[in-house]
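Participant: Take this sequence and fold it.
(one chain, ligands or ions: 1)
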Amino acid sequence: MTVQESQLESDRANELQRLVVPAIELIIEQIRDTDSGKRSLGPRHEDPKSLYSTLDLDKSLEKGLRDRESAPEEVLAVVKNILDTSVNTWHPGFLDKLYASTNPIGVLSDIVLSVLNTNSHVFTVSPALTVIERKVAQKYAALFGFTGPTAGGLTFSGGSWSNITSLHMARSILFPETKLDGNLHKFAIYTSVHSHYSVEKAAILLGLGARSVFKVPVDKKGRMDVKKLDDIIEKSKINGYTPLYVNATAGTTVFGSFDPFEEVATVAKKHHIWFHIDGSWGGNTIFSSKRNGLLRGSHLADSITSNPHKMLGVPTTCSFLLVPNDRVFTQANSLSAPYLFHNNEDDSDNFDLANGTMGCGRRGDALKFYLGWLYYGTAGYRDRVDHAYAMADYFVNKGSATPGFTIVSDTPVQCLQVCFYYAPGNKPLTGQQRTHVTRTIATRLHSSGEFLVDYAPNPDDAATGQDNGEFFRVVFNSPIVSSRVVDQLVHKVVELGSTIDL
Ligand SMILES: *Cc1c(COP(=O)(O)O)cnc(C)c1O
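Facilitator: From the prediction side, this is the model:
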């Protein structure tokens, strides 16, 4: 048999049908069961290592490595086992972390990406996905007030990489000689004590070092104290630093605070430094009809990270770095690589998207956001975000009216997470007891298969050296969360709390 014959005989269309159709039917059945209350959040796994045997990994790999293929039915059984041992994010009780389940259009968009298997690095092989990325980034950027003729953006593999790229672009654009000679100055960057760790990681990765990150204190609402920012910049200059970049956050990871962007912009301008907004979490509040004012001043930024994969239910990963002038991508990132990029004038219109990144091959993540936005419309995304805020507000009201709950978040909530303590029987508790209560209830909620919620130490404790104990952090970020689900959560916390011995 020649090679050509063997490929034809493999009959890919029928093979696809045998593998994919039953898998899709299984998935649809599971989502139906989730919606009717028959399917839980999935089991809680105490010991990661026990999953090696639950998933039969040693044996199944042995099979795969044996000289025998696996039949479609065998693979399907493995897929079912993976679904059954994973967290069911489609369950309304999934209130952990800052993302929610995806949705039917999200699943379709991921299937299309897999089938195309497009590498969005150069236009020749990625004609449609490239122009979709350019156009959707331009429309997304316009929401934040970047409306000039060259406004736009690119996707990166997560908010952290969008943030890291923004710092690198700041250095390359403000100090172009660094592209050839490296860190010629002792650069300083500024960010609030509540900001995401990716800012510090960016400083490490780019050779600035973690010590060059100056952490600015926050006010009572968790927002950067801009007066102190100015003081810290002045002081760092006296100490021989060259101010480079300030990161302000839209939706901090623990508390969900929004820094005052207009004031940060004024200070950034005064010191001629790059002004980045990390909106990985709260950037999509721009879609809200009631809370979008929290992003006032976003048009003054030099770059903004925003993740459709968090607040909008677009499949992970989908993160954009948006800029008022998209020529900065190639100016900061391109090399002469004529074997790959046939059009590498640094300031020309660029359709070979990898030329504007530090990577090469890239997945066309923008397609997922494009199809979601097309399907739901701007009004659908507005309703989604407004509903999520309404549920967070509802929880705050319900909790405040329930004995033993102490809401720690600023209210009305700035972003979609609510941080709170619960004291069974409304008893006064020490920090250690609070941590014990929080962890015990969170673990039991998870074991019940009904709710998955997160908890965190108070980030202010690290600064003050106090121990107020860990609090719950519950994220209301999904259109399937209703006031009934919130009522059940409050009820369940009280019920589980009553069984704890203190
Ligand atoms: C989640 C988050 C990030 C990181 O985004 P990833 O997509 O997880 O890399 C950065 N900043 C903030 C404020 C976040 O909440």
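
Participant: quick one: F187 and G240 touch, right?
Facilitator: No. Applying CB atoms under 8 Å as the test, F187 and G240 come out as separate, 11.0 Å apart. C-beta coordinates here come from the backbone N, C-alpha and C atoms, glycine included.

Participant: Looking at these two, which one has more neighbours?
Facilitator: The residue with the greater number of neighbours, taking F187 and G240 and applying other CB atoms under 10 Å, is F187; the counts read 25 against 9.

Participant: Now do stretch 348-364, average pLDDT.
Facilitator: Averaging the model's pLDDT scores along stretch 348-364 yields 94.

Participant: Now do the same contact list for the residue in the chain that the ligand sits nearest to.
Facilitator: Using CB to the nearest ligand atom, the single residue of the chain nearest to the ligand is G159, 2.5 Å away. Contacts were defined as CB atoms under 8 Å, 6 or more residues apart in numbering; by that measure G159 touches 196, 198, 278, 280-281, 305, 307, 310, 319.

Participant: now, which of the residues you listed lie close to the ligand?
Facilitator: The subset of these within reach of the ligand, counting by CB under 6 Å from any ligand atom, consists of 196, 198, 278, 280-281, 307, 319.

Participant: which sections of the protein are below the confidence cut-off?
Facilitator: Across the chain, residues meeting the criterion (pLDDT under 70) sit at 1-10, 63-67, 336-347.

Participant: give me that answer again for 90
Facilitator: For the chain, the stretches with pLDDT under 90 are 1-10, 53-71, 74, 97, 334-349, 458-465, 502.

Participant: Near the ligand, which residues of it? Just list them.
Facilitator: Taking CB under 6 Å from any ligand atom as the criterion, the contact residues of the chain with the ligand come out as 98, 158-160, 196, 198, 249, 251-253, 278, 280-281, 307, 319.

Participant: Where neighbours are concerned, which of those residues has the most?
Facilitator: T249 (33 neighbours).

Participant: Now do the strands in the stretch 301-450 of the chain.
Facilitator: Assigned by DSSP state E, counting those that start in this stretch, the stretch 301-450 of the chain shows strands spanning 303-306, 319-323, 405-407, 417-422.

Participant: Mean neighbour count, those: which tops it?
Facilitator: Using mean count of other CB atoms under 10 Å, the stretch among the strands of the stretch 301-450 of the chain with the largest mean neighbour count is strand 303-306, at a mean of 32.

Participant: Against which helices or strands is that one packed?
Facilitator: helix 159-174, strand 274-279, strand 319-323 (3 or more CB pairs under 8 Å, 6 or more residues apart in numbering; DSSP states H and E).

Participant: Parallel or antiparallel, list what pairs with it.
Facilitator: Strand partners for strand 303-306, identified by DSSP bridges, are recorded as strand 274-279 (parallel), strand 319-323 (antiparallel).

Participant: Need the residues that contact the shortest one.
Facilitator: When contacts are taken as CB under 8 Å, 6+ apart, the neighbours of strand 319-323 outside the stretch itself are 137, 140-141, 144, 146, 151-159, 161-162, 165-166, 169, 280, 302-309, 329, 365-366, 369.

Participant: try it again with 7 Å
Facilitator: Under the criterion CB atoms under 7 Å, 6 or more residues apart in numbering, residues 137, 140-141, 144, 146, 152-156, 158-159, 162, 165-166, 280, 302-307, 309 lie in contact with strand 319-323.

Participant: before we move on, what about stretch 286-300?
Facilitator: Residues outside stretch 286-300 that contact it (CB under 7 Å, 6+ apart): 143-146, 250, 258, 261-262, 265, 275, 277, 285, 304, 381-382, 385-386, 389, 414.

Participant: Convert it to CSV, retaining C-alpha atoms only.
Facilitator: The C-alpha trace of stretch 286-300 is given here as CSV (Å, rounded to 0.1, in the frame of the first residue of the first chain):
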residue,chain,number,x,y,z
ILE,A,286,-17.0,48.9,30.1
PHE,A,287,-20.0,46.9,28.8
SER,A,288,-22.1,47.8,31.9
SER,A,289,-24.7,50.5,31.7
LYS,A,290,-24.5,51.3,35.4
ARG,A,291,-20.9,50.7,36.4
ASN,A,292,-18.9,51.7,33.3
GLY,A,293,-18.1,55.0,35.0
LEU,A,294,-15.5,53.1,37.0
LEU,A,295,-13.4,53.1,33.8
ARG,A,296,-13.5,56.9,33.4
GLY,A,297,-10.1,58.1,32.1
SER,A,298,-9.3,54.8,30.3
HIS,A,299,-8.8,56.8,27.0
LEU,A,300,-5.8,58.5,28.6
